[in-house]
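Predicted model follows, preceded by the sequence.
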Amino acid sequence: MEKAEKLKAEANNLFKEKKYVEASSKYFAAVSAIRVNTELAATKQAKDAEMACRSNIAMCKLNLEEYD
């Protein structure tokens with residue numbers, strides 16, 4: 001979970017800098033880090049972190065006007 005949280009924090013900083021492509025990649029990496037461990041992925045903390053990352057990916061896509 002530490003790796004995912006670190007990637008999410010890096011992505012949040014990139015998002016603040018309006019580097020949406022890079023932020024989106026980091027959010028995807030965080031989701032992947034959670035999904036690799038099935039036991040971890042089943043925890044509430046991991047589910048909440050994944051949902052936040054996916055929502056932030058959507059915000060990146062909206063800012064990039066990538067609506068598909």
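Received it, and whenever you're ready, just let me know what you need.

quick one: pLDDT of the most centrally placed residue in the chain?
The residue lying closest to the centre of the chain (Cα atoms, centre = their mean) is Y27, at 2.4 Å. Listed pLDDT for Y27 reads 98.

got the contact list for the helix or strand that contains I34?
Following DSSP states H and E, one finds I34 within helix 20-36. Applying Cβ atoms under 8 Å, 6 or more residues apart in numbering, the contact partners of helix 20-36 are 1, 3-5, 7-8, 10-12, 14-15, 40-41, 46, 49-50, 53-54, 56-57, 60-61, 63-64. (Glycine included, C-beta is placed from N, CA and C.)

Among the residues you listed, name the ones in helices.
Under the assignment DSSP state H, these contribute 3-5, 7-8, 10-12, 14-15, 40-41, 46, 49-50, 53-54, 56-57, 60-61, 63 to helices.

For stretch 5-19, list every residue counted as buried.
Within stretch 5-19, the residues that qualify as buried are L7, K8, E10, A11, N12, L14, F15, counting by 16 or more other Cβ atoms under 10 Å.

which strands and helices sit next to the least confident helix or strand in the chain by mean pLDDT?
Least confident helix or strand, the chain: helix 38-41 with a mean of 87, by mean pLDDT, DSSP states H and E. Judged by 3 or more Cβ pairs under 8 Å, 6 or more residues apart in numbering; DSSP states H and E, helix 38-41 is in contact with helix 20-36, helix 44-63.

So which elements touch the longest one?
Taking 3+ Cβ pairs under 8 Å, 6+ apart as contact, the helices and strands that helix 44-63 lies on are helix 2-16, helix 20-36, helix 38-41.

So which of those is nearest D68?
Closest approach to D68 among these is made by helix 20-36 (13.9 Å; Cβ to Cβ).

buried stuff in that closest one?
Buried positions in helix 20-36, judged by neighbour count with 16+ other Cβ under 10 Å: Y20, A23, S24, S25, K26, Y27, F28, A29, A30, V31, A33, I34.
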